[in-house]
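**Q** the following comprises the amino acid sequence and a computationally predicted model.
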Amino acid sequence: PYDIDVEQALLGAILSDNRSMERASALIKPEHFYDPLHGRIFETMSHMIERGGVVVTPLTLHATMKADPGVIETGGQAYFDALQAAAPAIPNIRDYAGILADLAVRRSLIRIGEDIVNTAYDAPTEKDSKAQIAEAEKALYAVAETNKYGEGALDFHEALRRTVEAAERAAARGGRISGVTSGFHDIDNLLGGLQPSDLLILAGRPGMGKTALGTNMAFHAAKQYMRDLEANAEYPSGSPVLFFSLEMAAQQLSGRILSEQTELEVWKIRNGRFSETEWEKFVLTMQELSSLPLYIDDTGGISIAQIAARARRMKREKNIGLIIIDYLQLVEPSRRHDNRVQEITE
């Protein structure tokens, strides 16, 4: 999929008004163009505008690119003149750039799909299906990352509006928190809840209770979300949770939660040594907790790319609002580094 007309309209608009390059370069790169010549033209104009001192016109652009075989083939300066002449009177640069970025992503997805099919047919015997899936996830993650350009700078009015919205959510929840509850009042009071923009790292020595704290946060956020739905709350303070457990199995984590909620020792749950009263309490609690929107992925040795891909899928399917990873050092880096510090930093 491609659209040569949109590519030409964008280049013509930049030739007509060099300031348009700022808006375009925030969304696309030269590789987003289907026609390689158009990609080279965009890159050359970008470099000329960045250096400053010269206005990019058909004449100056031709002087810079006159040795390019594609420019010679298309007619030299006459092609640049035609681009500028065909530029829309009131161009919408962001729309043009958005269209080209979307088409480039589609082409990348088609290439990845073809690679997946060819690999599945012709993969060597030592390359099993899990390795093929991991490669596909990494390729999709790379496409997603290269397509992330953000929304650019926010004017102060928009930043203030978002701040007011967060304050409104906190007020609607009784003046307590604007983010997702952690289940711990002191933490929520300090942070205002777990905010969507936050990356929080919990550090501590082995055996200090990091997993227990993370599990409790996940449980309380999911449980509060169910309470909010039952109360028809306009702004839920809980949320569905995705828990990546790289050390413990999902069964162990759920056993911990059941032990805390039933006030039964973990060993009783593992060995099934219940009194009649304890068994009844255990079953009733299990039924009550089974509907919680808490999803545990206990895949060992998972990579950053796989975590990102699975988190995006769960966000689409379950509207995840909180992700917990236990623990950071067990995440496989997408590529090997000289030392472990660099790997963990990635």
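**A** Yep, that arrived. Numbers count the residues shown, from 1 in each chain.
**Q** quick one: pLDDT of the residue lying closest to Ile72 once chain neighbours are set aside?
**A** Leaving aside its sequence neighbours, Ile72 sits nearest to Lys66 (CB to CB, 6 or more residues apart in numbering; 7.6 Å). (Glycine included, C-beta is placed from N, CA and C.) Here, the pLDDT recorded for Lys66 equals 90.
**Q** how is this protein carved up into domains?
**A** Per automatic domain parsing, the domain ranges recorded for the chain read 1-150, 180-345.
**Q** and the ones you listed as JSON lines, adding distance to Ala172 and mean neighbour count?
**A** Below are the domains of the chain laid out as JSON lines (distance: least, CB to CB, whole Å; neighbours: other CB atoms under 10 Å):
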{"stretch": "domain 1-150", "distance to Ala172": "28", "mean neighbour count": "15"}
{"stretch": "domain 180-345", "distance to Ala172": "5", "mean neighbour count": "15"}
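**Q** ok, of the ones you listed, where does mean pLDDT dip lowest?
**A** domain 180-345 - the lowest mean pLDDT of these, at a mean of 80.
**Q** rewinding a little: separation between the residue nearest to Ile72 and Pro58?
**A** Computed as CB to CB, to the nearest Å, the Lys66 to Pro58 distance reads 12 Å.
**Q** in the chain, which helix has the most residues?
**A** helix 93-122 (DSSP state H).
**Q** and the next helix or strand after that helix, what other elements does it pack with?
**A** Toward the C-terminus, helix 93-122 is succeeded by helix 129-146 as the next helix or strand (DSSP states H and E). Counting contacts by 3 or more CB pairs under 8 Å, 6 or more residues apart in numbering; DSSP states H and E, helix 129-146 packs against helix 93-122, helix 304-318.
**Q** the longest one - contacts with which helices or strands?
**A** Secondary structure elements in contact with helix 93-122, counted by 3+ CB pairs under 8 Å, 6+ apart, are helix 4-16, helix 20-25, helix 129-146.
**Q** OK, contacts around the closest residue to His32 other than its chain neighbours?
**A** Distance criterion CB to CB, 6+ apart; nearest residue to His32, sequence neighbours excluded, is Ala104 at 4.1 Å. Listed by CB atoms under 8 Å, 6 or more residues apart in numbering, the contact partners of Ala104 are Ile28, Glu31, His32, Phe33, Tyr34.
**Q** farthest pair in those?
**A** Ile28 and Tyr34 (11.8 Å; CB to CB).
**Q** what's the closest of the domains of the chain to Glu168?
**A** It is, among those and with distance given as CB to CB, domain 180-345, at 8.1 Å.
**Q** hmm, back to that, ok, which of the helices and strands packed on helix 93-122 comes nearest Ala87?
**A** It's helix 4-16; of those, that one is closest to Ala87 (CB to CB) at 3.2 Å.
**Q** between helix 93-122 and that closest one, find me the angle.
**A** 140 degrees (axes from the mean of the first three to the mean of the last three CA atoms, to 10 degrees).
**Q** report the distance from helix 4-16 to the chain centre.
**A** 30 Å (CA atoms, centre = their mean, to the nearest Å).
**Q** now stretch 192-204
**A** That offset, for stretch 192-204, works out to 16 Å (CA atoms, centre = their mean).
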